[in-house]
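J.: here you go, sequence then predicted model.
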Amino acid sequence: MSEFFQEFKRVMFENNRFDFILDGLRNTFLITLGSLLLGIALGVIVAIIRSTYDKNHTHFKKNGGFSYYILSFLNAICKLYLTVIRGTPVVVQLMIFYFIIFSSTDNGVAVATFAFGINSGAYVAEIFRSGIMAIDNGQFEAGRSLGLNYIQTMIYIIVPQMFKVVLPTLCNEFIVLLKETSVAGYVGVIDLTKAGNTIAGRTFSYFIPLISVAIIYLVVVIILTKLVSLLERRLRNSDH
């Protein structure tokens, strides 16, 4: 056992190699949080457009006019976005953003945040859309009776209720996103996985750094899962 701890100390702490792990963990959290915020913003917009089209398609089509064609066009763009993003691997999207679209920049963390945010937005949009569709139509009618137009009803009445419905699922998306960022090393970002691989390459010892990275991910996910469970319990209690 003492030999193992000696080897662990040599691999992880000599020449300040543990700093790679700390930097990688910081970058992993930065990318995850930034991506989730971008994904939420994008997801809300796409979900509102898609749910508005689904709920009012017949009405708009019957009345015709410019608004119908605008809504149909925006809905088609959103469906194309969802199809492309959900139909291609995230690592391919990441490399396209880094090596093609933003090839002039070397800020891998910013590009990775943007790429994962665009990817997450497609999944968050469907989570939000299901939440909006689950809201009773009486809530829309209540908003109209208060003198609010459709957009105001969405912003002040529907979206706040939608967030409460989908919050546990959204938190699980955060956990999934945290693990997905492990491919950020493909574009040279020192995330947690890349940090472990870098230490392994410098020490020619793969077991200790990679198992350490796996344990860190596991601990973080367990903590987040526990927090999500507490949140779900609190939301259930508030409904009684």
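T.: That came through fine.
J.: count of residues packed around residue 32?
T.: 25 (other CB atoms under 10 Å). All C-beta spots, glycine's among them, are computed from the backbone N, C-alpha and C.
J.: surely it is in contact with residue 179?
T.: No: assessed by CB atoms under 8 Å, residue 32 is found out of contact with residue 179, at 9.2 Å.
J.: pLDDT score assigned to residue 105?
T.: With respect to pLDDT, residue 105 scores 86.
J.: brain fart, residue 38
T.: 95.
J.: could you do residue 53 as well?
T.: Model confidence at residue 53 (pLDDT) stands at 85.
J.: grab the nearest non-local neighbour of it.
T.: Excluding the flanking residues, the one nearest residue 53 by CB to CB, 6 or more residues apart in numbering is residue 75, at 4.1 Å.
J.: ok, the one you found - contacts?
T.: Counting by CB atoms under 8 Å, 6 or more residues apart in numbering, residue 75 touches 49-50, 53.
J.: show me those that map onto helices.
T.: If you go by DSSP state H, the contacts of residue 75 have 49-50, 53 in helices.
J.: which one of those residues is nearest residue 231?
T.: Of all the ones in helices among the contacts of residue 75, residue 50 has the smallest distance to residue 231: 26.0 Å, by CB to CB.
J.: neighbours of that closest one, how many?
T.: 21.
J.: is it true that it touches residue 78?
T.: Yes: in this structure, residue 50 is within contact of residue 78 by CB under 8 Å, at 5.5 Å.
J.: give the residues shared as contacts by these two.
T.: By CB under 8 Å, 6+ apart, the residues touching both residue 50 and residue 78 are residue 125.
J.: extract the CA atoms of stretch 30-43 and return them as CSV.
T.: Extracted as CSV, the C-alpha positions of stretch 30-43 are listed here (Å, rounded to 0.1, in the frame of the first residue of the first chain):
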residue,chain,number,x,y,z
LEU,A,30,-16.7,27.0,-17.0
ILE,A,31,-17.6,25.2,-20.2
THR,A,32,-20.6,23.4,-18.6
LEU,A,33,-22.1,26.4,-16.9
GLY,A,34,-21.6,28.7,-20.0
SER,A,35,-23.0,26.0,-22.3
LEU,A,36,-26.0,25.5,-20.1
LEU,A,37,-26.8,29.2,-20.0
LEU,A,38,-26.5,29.5,-23.8
GLY,A,39,-28.5,26.3,-24.2
ILE,A,40,-31.3,27.7,-21.9
ALA,A,41,-31.5,31.0,-23.8
LEU,A,42,-31.6,29.2,-27.2
GLY,A,43,-33.9,26.5,-25.9
